[in-house]
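**Student:** structure of the sequence below:
(2 chains)
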Amino acid sequence: MFDGQDVMKKQRVIGFIIGALLWSLFLFGAGWMGRSLLSGAQASRRLPTITANPAANPILDEVWGHVRDNFVGNIPSDTVRNYAIVRGALSSLNDRWSVFIEPQPRAVEKEHMRGQFGGIGVNIQMDASGHIAMTPITDSPAQKAGILAGDILTGIDDYDLPAVPELNEVATRVRGTPGTPVRIRILRGSQKLEFVVQRANIDMPSTDWRIITDTVKPGFLVGYIGIHAFTERTGAEVKRALSELKQSGSQAYLIDLRENGGGLLNAAVDVTSLFVSDGVVLYERRHDQNDVAVPVNGDSAGSAYREPLTVLINGNSASASEIVAGALQDRGRGKLIGEKSFGKGSVQSIFDLSDGSSVHITSAKWLTPNHRTIDGTGLTPDIEVIRQVDEANQGKDSQLDRAIATLREQQ
Amino acid sequence: MMQAEPEKSSNNTLKNVLMGMAGVFIAILIFIVGITVGVSAANGFNFNGPTAFPEATDRTASIGEGTPVSSASGLNTALMNDVMSRLRSQWYGDIPANDKLTDGAIRGMVSSLGDPFTAYVEPQYAKILEQDMTSKFEGIGATLKSVTGGAIQIVRTFEGSPARNGGVQSGDLIDSVNGKKVTGLTTNEVAAMIRGTAGTTVTITLRRADHPKAFDIVLTRAAITIPLVTSKMVGDGTIAYISLYDFSQEAGNQLNAKLKELLAQNPKGLILDLRDNPGGYLSQAVDVGSIFLKKGVIVIERDTKGNEKTESTSGVGMAHDIPMVVLVNGGSASAAEIVAGAIQDYGRAKLIGETTFGKGSVQSPQSLPNGGQLRITIQHWYTPKNRGIHGTGIAPDYVVVRTPADELAGRDPQLDAGVDYLQTGKEPAPTAVPTVAPTPAN
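**Tutor:** Predicted coordinates:
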């Protein structure tokens, strides 16, 4: 009954969401959502079930009365209690992906999904002694204001950093609405300095790309695209990457989805559509309904890249990553190389609630074009290559090497 | 409500105050199974069997009677309404029944207090819990525990019980009850299936290591009293040993009865074993303490409003003077710590073993109209010398460690040290650094 008016507000997540607690800790790489229209058909689906509002049950009042009269500890605020009630009611669904997100982590979540936030453009890092060292991003407001790499953060506005600060707390205080000022207090050597920095929109790119020159076959150029998350900007970024890589002479492409925990459903469709001209990317299965095909993005129909393609996956490639990898595998567009993927085959819808909090609800399962479900099992790579523990230290990447070799063989 | 009527017979009040056992703490983490008798990691949950509600000893229900509950507005029903409407239109699965959602909401609300001992016990578990606290129920007389892989295993059977007489053995795995598979169910759920009115039958399908196939045993349920005490003569028959599993309603009675038999044998000394005793009723701590301590304050209770109350031993007990040691360890919690703490404060006996659990709070159970139970931490308690032990536990007078290897080999250095101390008066040599007791968050 609410679907009609929620079409614009509604966002769908296909993210790799751990839950509200961990949620706020993610700086990058967690839950993502996509805007997408509802299929409208389920408006009256659950009408036969008359479900009462658990918060309106008088027993809650009674329980709280006992607590207030007798409990020997501190009584939490109404807000804390109400959030706990919602969380508790949701826990009866027994679904780890259906969760309640409080307003502040929700704001952070939105920024991640947008791939942009209001901030000053510094990376922060805590050293062993608990000092927070800053590194400004090139051309960021922080750099323009004069903050240097290695400056130690001591205070934000009137807030003094404690001996061992929490990175999340610090990041939240530095961030804010673009255009507003924030006073940054630092220690540079023994010098105490203070900067007033105007916050701006800071981009969080989700993709990086480069040309890899094959060391075996002279002149063979592979376009490498690493996708770290599926945000609102990912489709456009991958499109730009492909265009630049092609201009630079790429004869084949390699998409790296390792450690990519997922994100927006629509971004997964956008990316897949750059390599498959038509047909199905995935099927969605809602409660008591037939599977609904989600086709490739109409914009890119017929304009997909046709060069050889391989896709790198591993155990942390989840959700939206698995949609892309599963579609490319089923459609025979590219071989999957690496390790078995995470196996998250459900879709969450995210609803913003009146007070800035939000609720994630598992609204569908998704299946690959060949109607495979991957929930709990993951995708099996066409060519399994296990990354050895010490590879990173040795500057090696056996999975990448194998992906390039596979592309070379297809030449 | 307890503060509202401080003058009321403290005995009545006491009966209704639980010392929330450490077992509950463990249980809450798993699934709010609540207080059970003899809960310990090693023994598993003591859900033996009975089911119905034979004696209707619904004492806890009376606590709330006539107590005005202050209105607790501030509930954001609009927020929940919004969430519910989204669920109804979007949720992939089946929407849980109203009472399940309400259970979840209450659980969530109570969890916002951040106190692991303040808990909501769902209606289906509240009954079993109350039965266990009475130590009486109707069932087959066996203790169950969950084992890896979601199976339910028989830990032990009680002497003379239908389970023991019918051939059920320790270590048997329960496959099904009355034809219904139990894989993946909690011990509570399985206990509820097994319990039933005395005289009726229940069919248990068991798997046993040396049997190729699962087999059925048909048992006739009976009224069971859970044995809370075991005893033996040790040290060549010179020392009486008595172990108390918990402080449920029959603890004092059963301890007294067994002690009488033991003292008739004129032992030179007495060992009271409170190891892995997770606690129980405050009233039972007073009753048990009275057996060993002369008249005096045994525990001081304080709430946040500054109210202070003391409980005193009765002055009547059969073991006030016999030389004694008390065995404790990290599983000795709550009511067990009250008794051990008072005995230590008065110098009545030496404590031997390891630092105790450290649960210094008191819970009051409250029956709810839906059949569930709310357990609220209402007080903190202190030893007669005003020591707070919450989060720290009680350090024994003599630290003697029993390692897992000792247990596996059937060795009991703590008991040996107790016997030796009583026989020779020699202080036990410390065996190792004491293990760290778990710290309850509160």
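
**Student:** which one is the closest residue to chain A within chain B nearest to, not counting chain neighbours?
**Tutor:** Relative to chain A, the nearest point of chain B is B:Gly108 (1.8 Å; CB to the nearest CB). Using the backbone N, CA and C atoms, a C-beta is placed for each residue, glycine as well. Nearest non-adjacent residue to B:Gly108, counting by CB to CB, 6 or more residues apart in numbering or on different chains: A:Gly88, 1.8 Å away.

**Student:** just to be sure, that neighbour is in a helix?
**Tutor:** Yes: assigned with DSSP: H, G, I helix; E, B strand; the rest coil, A:Gly88 falls within a helix.

**Student:** contacts only, for it.
**Tutor:** With contact set as CB atoms under 8 Å, 6 or more residues apart in numbering or on different chains, A:Gly88 has these partners: B:104-109, B:111.

**Student:** re earlier: neighbours around the residue of chain B closest to chain A, how many?
**Tutor:** Number of residues near B:Gly108 (other CB atoms under 10 Å in any protein chain shown) recorded here: 25.

**Student:** go on, A:Gln247?
**Tutor:** A:Gln247 has 8 nearby residues by other CB under 10 Å.

**Student:** distance check, it against A:Ala241.
**Tutor:** A:Gln247 is 11 Å from A:Ala241, where distance means CB to CB, to the nearest Å.

**Student:** also B:Leu129?
**Tutor:** 61 Å.

**Student:** which residue ranges make up the domains of chain A?
**Tutor:** Following automatic domain parsing, one gets these domains for chain A: A:1-115+A:205-411, A:118-203.

**Student:** low-confidence stretches in the chain?
**Tutor:** Here I'm looking at chain A. Where chain A drops to pLDDT under 70, the residues are A:1-51, A:299-302.

**Student:** sorry, I should have been clearer: chain B.
**Tutor:** By pLDDT under 70, the low-scoring segments of chain B are B:1-73, B:432-442.

**Student:** can you show me the helices along it?
**Tutor:** Secondary structure of chain B by DSSP state H: the helices cover B:10-15, B:22-30, B:59-63, B:77-90, B:98-111, B:123-134, B:162-165, B:187-194, B:251-263, B:282-292, B:335-345, B:404-408, B:413-424.

**Student:** contacting residues around the last one?
**Tutor:** With contact meaning CB under 8 Å, 6+ apart, helix B:413-424 is reached by B:234-235, B:238-239, B:241, B:268-271, B:273, B:275, B:323-325, B:327, B:329, B:350, B:352-353, B:398, B:400-402, B:406, B:426-428, B:431.

**Student:** mind exporting the C-alpha coordinates of it to CSV?
**Tutor:** Output of helix B:413-424 as CSV, limited to C-alpha atoms (Å, rounded to 0.1, in the frame of the first residue of the first chain):
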residue,chain,number,x,y,z
PRO,B,413,43.9,-31.3,43.3
GLN,B,414,41.5,-28.9,44.9
LEU,B,415,39.6,-31.7,46.8
ASP,B,416,43.0,-33.3,47.6
ALA,B,417,44.2,-30.0,49.1
GLY,B,418,41.0,-29.7,51.1
VAL,B,419,41.4,-33.1,52.6
ASP,B,420,45.0,-32.6,53.3
TYR,B,421,44.4,-29.3,55.0
LEU,B,422,41.7,-30.7,57.2
GLN,B,423,43.8,-33.7,58.2
THR,B,424,47.1,-32.0,58.7
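
**Student:** residues in contact with residue 411?
**Tutor:** Defaulting to chain A. A:Gln411 neighbours (CB under 8 Å, 6+ apart): A:217, A:220, A:251-252, A:308.

**Student:** switch to chain B, that's the one I care about
**Tutor:** Here B:Arg411 is in contact with B:Arg402 (criterion: CB under 8 Å, 6+ apart).

**Student:** can you report phi and psi for it?
**Tutor:** B:Arg411 adopts backbone torsions of phi -90, psi 150, taken as degrees, to the nearest 10.

**Student:** please apply the same query to A:Ser91.
**Tutor:** phi -70, psi -20.

**Student:** touching, A:Gln388 and A:Glu339? I think so.
**Tutor:** No: judged on CB atoms under 8 Å, A:Gln388 makes no contact with A:Glu339 at a distance of 11.6 Å.

**Student:** what about those two, which has more around it?
**Tutor:** Using other CB under 10 Å, the more surrounded residue of A:Gln388 and A:Glu339 is A:Glu339, with 21 against 11.

**Student:** list the contacts of the nearest residue to that one once chain neighbours are set aside.
**Tutor:** Sequence neighbours aside, A:Asn314 is the residue nearest to A:Glu339 in space, at 4.5 Å (criterion: CB to CB, 6+ apart). A:Asn314 is in contact with A:258-259, A:338-339, A:341, A:387, A:399, counting by CB under 8 Å, 6+ apart.
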